[in-house]
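K.L.:
The sequence isn't on hand, but the structure is:
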């Protein structure tokens with residue numbers, strides 16, 4: 001299930017976005033709505049959404065400021081910015097803050113559904129990379145633990161003379177341990 005946060009200062013727009021699409025059919029859930037970027041920021045902390053759909057022009061904190069905060073906080077959240085203004089400077093700032101999509105209002109259900117599908121693919125890729133990194137971290141930790149055991153066993157074999165001394169010394173040297 002993909003968690004969606006909607007931030008728009010217009011109540012009708014928020015309600016429309018919530019009801020425009022069959023979110024459950026898309027495998028998504030609206031976890032929260034916000035009237036401004038500051039409320040959206042708190043909702044990000046509370047609900048950890050995967051995707052944010054935000055208006056650019058909002059009171060208190062606008063959508064671009066929200067995007068800047070998300071980007072600065074190193075959160076892997078896909079952001080879709082909506083605007084009624086075709087202002088190129090907004091688009092430039094949106095790109096700078098890592099916004100995934102920039103849509104002009106009014107937005108159709110079909111258009112938004114297509115964009116959400118793309119965002120889901122990006123979220124899936126991020127989740128896949130995160131699992132891969134966690135697996136590599138576990139493997140690295142296991143290797144370090146096993147390396148300690150191997151060193152210990154090799155030293156034990158050297159001390160107890162259960163293995164040829166030259167072989168033990170060579171094996172220890174491969175592990176970065178030199179005895180003089």
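P.N.:
Good, I have the coordinates. Please read these numbers as outputs of a predicted model, since none were measured by experiment.
K.L.:
need the next SSE after the longest helix anywhere in the chain, C-terminal direction.
P.N.:
Longest helix of the chain, by residue count under DSSP state H: helix 109-160. Moving toward the C-terminus from helix 109-160, the next helix or strand (DSSP states H and E) is helix 165-174.
K.L.:
starting at the chain centroid, how far to the longest helix of the chain?
P.N.:
15 Å (Cα atoms, centre = their mean, to the nearest Å).
K.L.:
Then stretch 156-171?
P.N.:
49 Å.
K.L.:
What residues are bridge-paired with residue 32?
P.N.:
According to DSSP bridges, the residues that bridge with residue 32 are residue 5.
K.L.:
tell me, how many neighbours does it end up with?
P.N.:
Neighbour count for residue 32, taken as other Cβ atoms under 10 Å: 18. The way it works is simple: take the backbone N, C-alpha and C, and place the C-beta from them, glycine included.
K.L.:
likewise residue 115?
P.N.:
For residue 115, the tally of surrounding residues (other Cβ under 10 Å) stands at 19.
K.L.:
so what's it closest to, chain neighbours aside?
P.N.:
residue 101 (5.1 Å; Cβ to Cβ, 6 or more residues apart in numbering).
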